[in-house]
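**Q** Build me a model:
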Amino acid sequence: MTDMPTVHSAKTSSRVPQRAPASAAQAVEDVSPHGPAPAASVVDHALVRSVMVGLMLAMFLSALEQSIVAPALPTIGRSLSDVENLSWVVTAYLLSATAVTPLFGKLSDIYGRRVILLIAIGIFIAGSIACALAPSMLILIVARGVQGLGGGGILPLAQTIIADLLSPRERPRYQSYSAIAFVSASILGPVIGGFLTDQLHWSLIFWINVPLGAAAMLMTDRTLRRLPRNERPHRLDIIGALMMVGAAVALMLALNWGGTRYAWSSFPILALIAASVLLWISFALRLGMAPEPFIPTTMLRDPVVGAITAAGFFSIGTIVGLSIYLPLYFQLVLGLSASASGLALISFMAGSVVGSVIAGRLVAQLARYKGVPIVGLLLAIAMLAAFAARPGEASVAQVSALLAAGGLGLGTMYPITTVLMQNAVPLHQVGTATGTLNFFRLLGGAIIVAAFGAIVLSAFGAPDAWLAPDMLTEAGRLSHVDFVAKFRWVFVAAAVLLIAALLAVILVPERPLRGPPLRPVASE
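**A** Next up, the predicted model:
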């Protein structure tokens, strides 16, 4: 692909009016071949808030689609007369969303944030319409894949746009708000999905994305035209991108099929794992050979980038795994009803929101900020240790209290991993860095969900048993002691993963966050 002309200031192009950086730190860190960026201007917090409203709506839209589908799956399977391939309604979205996340980040560094975000939302809306109109399971699965192509670009682009507006020291305050959008979607998604499916029609869980997506496009298009531009001419390494995407897809297919559709030692699973390993090796070699690699080697050599990527992989992946399997724990081990399980999970999600907001405030104010995620991870590890010690004896009140405390600790990892990753790279690489971080966080979620599933779902002895309408009836025939033992190992595994995240955080070099001192919130 040929280089695209881009704009940094009035010196480099007359097509776009000159824009000053959104903060003093941007003027320092955005040094182009033509010299330093223009003098800094005072950040316009009214502009930031207007942009955040549109971005939060877009992030809510993407996150909602990951949770709203679950309660409708049995109905969709009966409506389309295909239960065997029902799990692909979930898998197709996750596969495509994970695979394209780093690609959208790179494209935004080349072509600009606004146009790429609008394309991502447009693809998401088109996929949603195709899902709603799907006459068969095959078409629905393909449409879900298209929907995931758009949804996978929304989160990294939103986080990158925040980085365009604010210096690293100012970002945590606003990056933490993204957790609110995701937790709200996680809580409201199953409720909305169940209501629309039971009371109206399952296709409405996809039609609802059309007005929400249109609103997000209108709001972001209007506000993002005022953003500063930090992109530079780049070449997109298409070969490297295909290698990375292929490696991720092969690995995720192996994780989704292993132990359910095929035995872990079967030829299809071993072939997928081997293909993934070969593609990852080829991608690593390509990084050293390409004129401009898909992920810049200078970025990969940065110790902050490696440590933060590992911390995000283990911590955010564990959050994803727990959010999926905690409802099963509540019902299969503690004997809670579906509604009581939802209430208990809300305490975990609410704790994550509070932890994210508190962490964002503290990291922005403290010179020695690593203590915030370290304390948070220790709190979450303590929660998991308590569950592992007595997995079948906790009351609803005790479960809710433990989950609130654990969520408070894990919530710190949302803004911290994003902000420290962006602080480690120059502005013209922020899109690539943010996309790469989100890619490995999603990949971590896929691997950890598969690992937890290998522990728990083997009890059912059949592929996709958790999707069956009579799943809990079948579970009732199994030994309660078996489930207690299995979930004890789930909590032990989760604690080990968070210990790995803790070690990664400890290894992060504690660099000062660039940017001017923050003003008091009341003065904004």
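**Q** which residues of the stretch 1-150 of the chain fall in helices?
**A** With helices called from DSSP state H, counting those that start in this stretch, the stretch 1-150 of the chain shows them at 24-29, 45-67, 73-79, 87-111, 113-133, 137-165.
**Q** ok, now the stretch 401-524 of the chain?
**A** Assignment of helices within the stretch 401-524 of the chain using DSSP H, counting those that start in this stretch yields the ranges 413-423, 430-456, 471-476, 480-506.
**Q** Between helix 430-456 and the first one, find me the angle.
**A** Read that as helix 413-423. Here the directions of helix 413-423 and helix 430-456 differ by 140 degrees (axes from the mean of the first three to the mean of the last three Cα atoms, to 10 degrees).
**Q** what's helix 413-423 in contact with?
**A** Under the contact criterion Cβ atoms under 8 Å, 6 or more residues apart in numbering, helix 413-423 has outside partners 159-160, 163, 168, 171-172, 175-176, 178-179, 304-305, 308-309, 311-312, 315-316, 319, 352, 356, 359-360, 363, 369, 372-373, 376-377, 430, 433-434, 437, 441, 501, 508, 511, 513-514. Where you see a C-beta, it was placed from the backbone N, CA and C, and this is true even at glycine.
**Q** Which entries within those residues meet the buried criterion?
**A** Neighbour counting over those (16 or more other Cβ atoms under 10 Å) leaves 159-160, 163, 168, 171-172, 175-176, 178-179, 304-305, 308-309, 311-312, 315-316, 319, 352, 356, 359-360, 363, 369, 372-373, 376-377, 430, 433-434, 437, 441, 501, 508, 513-514 as the buried ones.
**Q** ok, how many other residues are close to W264?
**A** In terms of burial, W264 registers 13 neighbours under the definition other Cβ atoms under 10 Å.
**Q** same check, this time on P426
**A** As a burial measure, P426 scores 16 neighbours (other Cβ under 10 Å).
**Q** and it, what are its phi and psi?
**A** Backbone torsions for P426, taken as degrees, to the nearest 10, come to phi -70, psi 160.
**Q** State the distance from it to A433.
**A** The span separating P426 from A433 equals 9 Å under the rule Cβ to Cβ, to the nearest Å.
**Q** show me where pLDDT drops low in the stretch 201-350 of the chain?
**A** Residues of the stretch 201-350 of the chain that meet the criterion pLDDT under 70 lie in 226-236, 260, 337-343.
**Q** What are the boundaries of the strands in it?
**A** Per DSSP state E, counting those that start in this stretch, the stretch 201-350 of the chain carries no strands over any range.
**Q** need the helices for it, in chain order.
**A** 204-207, 209-224, 238-257, 267-289, 297-300, 303-332, 338-365.
**Q** Centre of the chain to the first one, how far?
**A** Going back to what we said before, that points to helix 204-207. Put simply, helix 204-207 sits 22 Å off its chain's centre (Cα atoms, centre = their mean, to the nearest Å).
**Q** With the last one instead?
**A** Centroid separation for helix 338-365 versus its chain: 16 Å, with Cα atoms, centre = their mean.
**Q** same question, the second one
**A** Here helix 209-224 shows a centroid-to-chain-centroid distance of 20 Å under the convention Cα atoms, centre = their mean.
**Q** Return the angle between stretch directions for it and helix 113-133.
**A** With the same axes, to 10 degrees as the basis, helix 209-224 and helix 113-133 are set at 170 degrees to each other.
**Q** Could you measure from G406 over to A495?
**A** Here the distance between G406 and A495 works out to 10 Å (Cβ to Cβ).
**Q** what residues are shared contacts of these two?
**A** Contacts common to G406 and A495, judged by Cβ under 8 Å, 6+ apart, are L384.
**Q** So those two - more neighbours on which side?
**A** Neighbours were counted for G406 and for A495 using other Cβ under 10 Å; G406 has more, 28 against 19.
**Q** tell me the contacts of the more buried one?
**A** 348, 351, 379-380, 382-384.
**Q** Now do the same for it: its pLDDT.
**A** G406 carries a pLDDT value of 90.
**Q** going forward, begin numbering at 432 instead of 1
**A** That works, and once the first residue is 432, the last one we named lands at G837.
**Q** What's the separation between it and L757?
**A** 10 Å.
**Q** Which residues are in contact with each of these two?
**A** Residues touching both G837 and L757 (Cβ under 8 Å, 6+ apart) are F779.
**Q** Now do the contacts for the nearest residue to L834 once chain neighbours are set aside.
**A** Computed as Cβ to Cβ, 6 or more residues apart in numbering, the closest residue to L834 that is not its neighbour in sequence is F779, at 3.9 Å. When contacts are counted by Cβ under 8 Å, 6+ apart, F779 touches 753-754, 757, 834-835, 837-838.
**Q** Now tabulate the residues you listed in CSV and tack on distance to F535.
**A** Below are the contacts of F779 laid out as CSV (distance: Cβ to Cβ, whole Å):
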residue, distance to F535
L753, 27
S754, 24
L757, 30
L834, 33
A835, 34
G837, 31
G838, 28
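**Q** Closest one to E824 out of those, please.
**A** Ranked by distance to E824 (Cβ to Cβ), the contacts of F779 are led by L834 at 15.5 Å.
**Q** From the structure, what's the count of residues near the closest one?
**A** Considering only other Cβ under 10 Å, L834 is surrounded by 24 other residues.
**Q** For S498, see how far away it is.
**A** Relative to S498, L834 is positioned 17 Å away (criterion: Cβ to Cβ).
**Q** Repeat that for S510.
**A** From S510 across to S498, the span is 20 Å (Cβ to Cβ).
**Q** who's more crowded, these two?
**A** Counted by other Cβ under 10 Å, S510 and S498 do not tie: S498 has more neighbours, with 20 against 15.
**Q** Excluding sequence neighbours, find me the nearest residue to the more buried one.
**A** Nearest residue to S498 in three dimensions, chain neighbours excluded: G620, at 3.0 Å (Cβ to Cβ, 6+ apart).
**Q** name the element that neighbour belongs to?
**A** Here G620 sits within helix 608-630, counting by DSSP states H and E.
**Q** Quickly list the domain ranges of this structure.
**A** 473-665, 668-724, 727-950 (automatic domain parsing).
**Q** For G876, which non-adjacent residue is closest in space?
**A** G876's closest residue in space is V751 (Cβ to Cβ, 6+ apart), at 3.4 Å.
**Q** And that neighbour, how far from F626?
**A** The value you get for V751 to F626, if Cβ to Cβ is used, is 24 Å.
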